[in-house]
Each structure stands twice: as structure tokens, then as C-alpha cells.
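# Whatever this is, show me its structure:
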Amino acid sequence: TRTVASPATGLAVTAAAYLAPEQYDGAESDARTDIFAFGALLYEMVTGHPAFEGKTHAILLAAIQSVDPEPMSKLQPMTPPALEFLVKRCLAKDPKQRLQTARDLVSHLRWIGEGGSQAGIPAPLAARRQKRDRLFAIGAALLLLVAAGIAPSAYRYFEGSPPPDDVHFGIYSMTNSGQGAGGTSVYISPNGRWIAVSRPGAVGGMYLLETGSVTPKLMLESHATYLTFWAPDGRSFAFFDDGKLWTTDISGAPPQIVCDAPYPVGGGTWSRDGVIIFSSGGVLHRVLAGGGVPQQISTLKSELQESEHAWPYFLPDGRHYVYLSTSAEPTKSAVYVGQLDSTDTVRLFSSESRAIYAAPGYLLFNRGNAVFAHAFDAETRQLKGEARRLVDANLRIAVAQVLVASQSRMANFDVSQTGAFVYRSGSVSAGGVSGGGPSMTMTWFDRSGSVTQVEAPGTYAGVDLAPDGERFAVHKHEANGGDSWFFSGGRLQRLTFNVSQDNSMPVWSRDGKRIAFGSFREGKWGIYIKASDGTGTEQLVVESELPKMPMSWSAGDKELVYSVSDPRTRGDIWMVPLQGNDREPRVLLQTPADELFPVVSPDGKWMAYQSDATSTPQIYVEPFPDGAGNRSQISVDGGVSPRWRGDTQELFYVLAPNVMAADVRFSGLSLEAGVPRALFPLRGNPNVPHTTIYHRYAVTRDGQRFLVPQPAGAPTGAGGLAGTIASFVDQQVVAGGNVANPGAINVILNWTQRLDRQ
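Numbering: from 1, shown residues only. From the prediction side, this is the model:
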């Protein structure tokens, strides 16, 4: 007996003909679902014809959901009217209109057998029918009583032919949703009916696509919708935004606040009993889906050097759940099983990424870009056999400091409980690099887009050039975070030496002698400075609990400008003096808008930055350090990640997929900006500038060469914009993904069949 949603997908048409409408809808099944199946079988026994027919699942589904069967008396004139009425009640589309229990069904059959079926029938005909009806009622009651015993054999009989093979198709209507080749995270409802994709950045909103449809609908435009997770019914879902946990449903109803959920957040899960477990501030909490005060249910263990508990996922019983525990010691990071109303936990296996449960019994997780499925007994909570590789998927994109650190190690996939698996197609080399992010190359472009030099592959994220235009600093993802490196003397060398501190965002000083970088140590984010040759000790400049990222040195290296991620005001711009007696930081821009990527002009008089004050991210310039509200907009149709030319006469930025350039002329405190023009396209780069904390590219002082981390194996063009595009078309494929649709959403139906073939 199937007591949860059972899709027709994967069943032969003969078996699917006995499923109730709610099973096709993915709704919860109960005893009334079995009564529908009984009615369909009884109809066929009496008339010799199936109640519902269709050559394909689609036609059969339409019949079950919208067509009433032919009257039984039309196909079999001797059918007692009371029996026909009973079967009609069993086959009601709405479960509320059916008989509610098997006890009611037996009672009606007994009444028919005792003569109740004779009402309104002429006496001679009633006499002939009475004996037959009594025998029929007895047989029907016996059929009901033995149904439980014969159900497995009957299922195998009706199943008929072998299970259908897996079906793999792509969805391109939500390929990137504005977030480059990596794509925003994709989520599928437990019943496999809905696919959700968050619209990235400050614009906010969510795209919701019904499987089988080609047009997504946009909803929740005023919300960022971080880390969506579904209710078991597949109609409601939850998400994080503005430091709170919200719920809503597919109808687009106004979302409701469940409770506070301070950043960083690390996913959630919703049980069939209406309990939500979510990760906030690095530990797990529970709360009722209807709202309330959350209760902390996990505590970080110092003996394991735990840094976060995140990514909970309920098992079918609604009491136990799996979650990820990350540690400063990577070998101690693991997936655990926890349970409600108990602090007892059981370690399952070592992992630096989440695990999610999928029917009929698997845990899915990733190692780098590779997604694995491991057979799992949900009742005993024991793994079985060996993990088997399923697909390669893009890694998820970290969104500022809103999410826990392990987000960047999650492959972009999700699974329903009905045999549907979704993932973002890889636009980087398969498998990536173990323990880090996608494999990238440091690629030089000239203004026409021609490639002039390519450095060795690595897990690069963010880049900054030294004043000489030859040396560069870069962050490399490793284990729980990564280190900062610098390129000098023809080779990469370490600047920092502790990957667990997430030493990142290196920015070169104006004199070329020092590098500033961000680091997370002992629960605080700090900005440090170190000699650019890697020697000497590090100097702490500023630190606090709020994430902060060095962005630019001022002229003469007198100040360091940096970004601060504050849940109350989003992205803010601060400055800290590096000379003199006054070393107190002060805020430059702090508004409800998201201000990011501040860069001080080479002459030290102006600051360019990115802001979504008008909903769409744009590039602005204002006087430095006291703008006094005197800002000018440089971009026209949107833009992110500004960079200056060395003479302060040209400003570069990115308007996906192109690198743009705009001339700027200054007169006192006013400026005149030229019409922006496209220089060359960037392709397949997962470092999305308006959501990551890293500089996406760097440019030489003369504005002639651009250094950009690009996916390893991606096609490279030559001969300007047209030549670059032509080269991409000729080469057709970017490391296994279609160039026209990098980061496309892929759907696999009956995905377990792939494992069975291994």
C-alpha cells in the first residue's frame, strides 16, 4: 500500500490506470486512495472494461482527472443500481466525495447483498438478481479482505513490462536568470511538479516553472529568496531574506514571517508534521511552520573543531534528519543523523558538502562537481554498498556573506521524491578540482577580446594586478576556504598559509609593496596587510563580527577602502586610515541599497562603486572621500564591478556578458561620462560580479589588457568581438555544456535507472 505521493512516472500504463487523481497531483494519499483503486477494479470486473483508458500516460492522466467512466449499466445491463451508485462514489475525483473507510464500503456491499439493491426494480427482475447480487457482494467483500495479501503480487502483475528508462531533457527558459554561467540555485518540489529558481542580486524575486510548461512565472519580486526549501505537499515553500525565515505557496500569496533567522543561514527542511529545522548563525534551530520562537537544537563541539551545522534534511519518518557538520580540520567534516527531541547524533560519512534523502532510498551528495548517490536504509539509518556517481553539476555560487561558508562547496542540484532529479549543467571541466571550486585559468585579453596569454589552471576566484601590470594576486578555493597567492617570477607563490581562515580578496597597494586581504579568524572577519613578496608578519588593520572585504587602496596608500556586509543595511562602504595617529574606521556609504566594489581613482579624487539604489545594479562615481551626495551614474542599462584606467579618464565595468568602457571627463566636482561601449564578452565565468565578494577581473594601468579567471577548457576567441563569438560558435561546447545555454537546468526522470545500469 502506497501511503505517500506515488507518481505515474515509472509505472506501466496498466498499473497507472488504478491510481487516484491525488496521486497524479502529488498530494498525500490515504485510505480513500485505496477505495478509488478498489472502485476501478470493481468497475472492470463487472463490465469487462477498464474504468479509464489511454494509450499514453498523458491521455490516461487526463481521463482519470476529468472524465467520468461510462455508466456500468450501459456496458452491463444486469448491474444493480445500488452497486453502480456505490462504484460511482468510489471513483469520485474529490476524495471528500468518496466513501471514507473500508468499513463503510463493506457495510454498503452487505446492504446490497441483503436486498438493498432491489429498490425501484420490478419484482420479477429483482427476484432473479437477488441471489446473484448476494454472491457478488460476498465475493467483493472477500476481495477487499485479501487485498493486502495480494497487493505485492498484483502490483508486479500490473507493472507488466520493465520500468521505463531514464529521460533527460533541458530547460532553457531559466538558463541563467541573470547570474552568469553558474546559474542561481535550482529547487524542485517533492512531488516533482514545480521547479523554482531564485532571481539573483538586488532585483530579487523567484521564477517558478511547472514541469511540462515552457513559461516561468515571476513572484516575490521584493524578496531575495535565499535557500528555498519545500513543504512535503509540494505547494508551500520557505526561504530566507532580510534576516528572517518566510513561507508562502505557489499561488503567489503574500509571504509570512515564520521567525527571525540571523545570517549566515545554511538551509532548512520541512517535515510532514509541520516542523521546520533551519540553520542560522552556524547552528540548527527548530520552529513550527506556522510561526513561533525558534529553539536551538545543536551546539558546536570544540573537540571536533566544528565551525557550522547546516543543510538539514528530514528523513521520511519526519523525526530523524541528516545535516552537515563542518570543521576547521577538513577530515573531521561529516554528514550526521540527528533526531527531534534528542541531542543524540550518529556520524554517517566524511563530507564537506550536504546530503539529501531521495526515495526509494538514497542519500545524494557531491564531491567537487561530481554528484553521488549512496543507497541508504531510512528506517535503520544505515548506508548500503558503495556510493555511485550520478552526474557532474556546477558548484553553487556563494552570495556575499549571507550564507554559511560551505555554500560554495555545494553542487547545484536537487531531487524530488517522485523520481525527478534537476541540476545546473556544468560549464567547467568535469569534476572540478577536489576540495575546491571549479577549475579556472588566468586568461589575458586585449581590448578586442583576443587572448594573449593563459596561465596554469587552478581554483581561482578574484584577482588584482600589481602596478607593474605583470604580477597579480589571487584567491584559490581550498577545503573550507582557501588562501591568497601572488604571481611573481613566473610562478604562483603562497601569500597566506591557512586555508581554514578563508584568506581571500587580495588587493595590491599603489606602491606595489603590500597586499591587503580578508580573513576569518576566531569568529571575526578581519582585514590584514602583508608584504607583497610573502615575507614578514601580517598586520591587522580592522576586525569585527561583520564580514568585510578589502577593495581598494587610496592614492599614496593613505587609506584602505573596504566593503562591509551588514544584515541591516546590506552592503556598505567603509574606509580606514593607514597613516597618522587616527586609525579609526569611518563609514563612507551606508544606505538601504546594496553598495559594493568601491574603487578609488588613481588620482585619489573619485570613487566608483556599484549600487542597486534604483533596483537594477548600476555604476556610480562620486568625490572621494566626501561625496556629499554628489554622485553621477556612469552605466545606462545596468553594470557591476567597476575598474579605473590609470589616468582616471576611462572607467570599465561588466554588463553581462560584456566588458564595457566609458570615457569620463572631470571639471571640479562635476563629471561628464561618455556613452558606454562594449569591448569584448566574458564567457562561462562563474564568479558573478554582483553576488560574489571577489573582483571578477583586473586591468592594466594603460587599459589595454585585462586579466580574467576563465573556466578551464573554455573556448577562446581571437580577432575582436565578432571573432570571439565566431570562435565560440565553431567550437560549440564549453566543457560539456552548450555555449548558448551555459548553466542550463537539466531534468532527469527515473534517475535511479542510471544507477541500475552501472
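# Report the contact partners of the closest residue to Asp511 other than its chain neighbours.
Distances taken as Cβ to Cβ, 6 or more residues apart in numbering place Asp557 nearest to Asp511, at 5.9 Å, with adjacent residues excluded. Using the backbone N, CA and C atoms, a C-beta is placed for each residue, glycine as well. Residues counted as contacts of Asp557 (Cβ atoms under 8 Å, 6 or more residues apart in numbering) are Ser509, Arg510, Asp511, Arg514, Leu578, Gln579.
# And the fourth one, how far from Thr616?
Which is Arg514. 36 Å (Cβ to Cβ, to the nearest Å).
# So these two - more neighbours on which side?
Arg514 (20 against 15; other Cβ atoms under 10 Å).
# isn't that one right next to Ile529, touching?
Yes. Assessed by Cβ atoms under 8 Å, Arg514 is found in contact with Ile529 at 5.3 Å.
# At which residues are the helices of the protein located?
Using DSSP state H, the helices found in the chain span residues 13-16, 21-25, 31-47, 57-66, 72-75, 81-90, 102-113, 123-159, 720-731, 752-756.
# mean pLDDT for those: which is lowest?
Looking at those, the lowest mean pLDDT belongs to helix 720-731 (a mean of 39).
# since we're on Tyr620, how many residues are nearby?
20.
# before we move on, what about Arg491?
10.
# try the one 10 residues further on
Using other Cβ under 10 Å as the criterion, Gln501 is surrounded by 22 other residues.
# for Gln590, what are its contacts?
Contacts of Gln590 by Cβ under 8 Å, 6+ apart are Asp566, Thr569, Asp572, Ile573.
# Now list the buried members of the residues you listed.
Thr569, Asp572, Ile573 (16 or more other Cβ atoms under 10 Å).
# Name the nearest residue to Lys530, ignoring sequence neighbours.
Lys530 sits nearest to Glu538 (Cβ to Cβ, 6+ apart), 4.8 Å away.
# Quick check, pLDDT for that neighbour.
93.
# One more: the one 4 residues further on?
Here the pLDDT value assigned to Val542 is 94.
# From what I see, it and Val576 are in contact.
Yes. Distance between Val542 and Val576: 5.1 Å, which falls inside the contact criterion (Cβ under 8 Å).
# Check the contact lists of the two and give me the overlap.
With Cβ under 8 Å, 6+ apart, Val542 and Val576 have common neighbours Ile527, Tyr562, Pro585.
# need the contact list for the residue nearest to the second one when sequence neighbours are not counted.
Setting aside the residues directly before and after it, Tyr562 is nearest to Pro550 in space (Cβ to Cβ, 6+ apart), at 4.8 Å. Taking Cβ under 8 Å, 6+ apart as the criterion, Pro550 is in contact with Met505, Pro506, Val507, Ala516, Phe517, Gly518, Ile527, Leu560, Val561, Tyr562.
# Bridged to Phe421, which residues?
Note on Phe421: beta-bridge partners by DSSP bridges are Val415, Ile748.
# Isn't it up against Gln753?
No. Taking contacts as Cβ under 8 Å, Phe421 lies outside contact range of Gln753: 11.0 Å.
# Please say which of those two ends up with more neighbours.
Phe421 (27 against 17).
# Please name the residues that touch the residue lying closest to Asp317 once chain neighbours are set aside.
The shortest distance from Asp317 to any residue other than its chain neighbours is 7.0 Å, reached at Ala378 (Cβ to Cβ, 6+ apart). By Cβ under 8 Å, 6+ apart, the residues touching Ala378 are Leu315, Pro316, Asp317, His320, Tyr357, Gly361.
# Show me the contacts of Gln590 that map onto strands.
Residues of these located in strands (DSSP state E): Asp566, Asp572, Ile573.
# follow-up on the earlier one: which of the contacts of Pro550 fall in strands?
Met505, Pro506, Val507, Ala516, Phe517, Gly518, Ile527, Leu560, Val561, Tyr562.
# Now render these as JSON lines, adding neighbour count, pLDDT and distance to Phe652.
What follows is the ones in strands among the contacts of Pro550, written out as JSON lines (neighbours: other Cβ atoms under 10 Å; pLDDT from 0 to 100; distance: Cβ to Cβ, whole Å):
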{"residue": "Met505", "neighbour count": "26", "pLDDT": "91", "distance to Phe652": "19"}
{"residue": "Pro506", "neighbour count": "27", "pLDDT": "94", "distance to Phe652": "20"}
{"residue": "Val507", "neighbour count": "27", "pLDDT": "96", "distance to Phe652": "17"}
{"residue": "Ala516", "neighbour count": "27", "pLDDT": "96", "distance to Phe652": "21"}
{"residue": "Phe517", "neighbour count": "27", "pLDDT": "95", "distance to Phe652": "23"}
{"residue": "Gly518", "neighbour count": "27", "pLDDT": "92", "distance to Phe652": "23"}
{"residue": "Ile527", "neighbour count": "23", "pLDDT": "95", "distance to Phe652": "25"}
{"residue": "Leu560", "neighbour count": "25", "pLDDT": "96", "distance to Phe652": "22"}
{"residue": "Val561", "neighbour count": "22", "pLDDT": "96", "distance to Phe652": "18"}
{"residue": "Tyr562", "neighbour count": "25", "pLDDT": "95", "distance to Phe652": "21"}
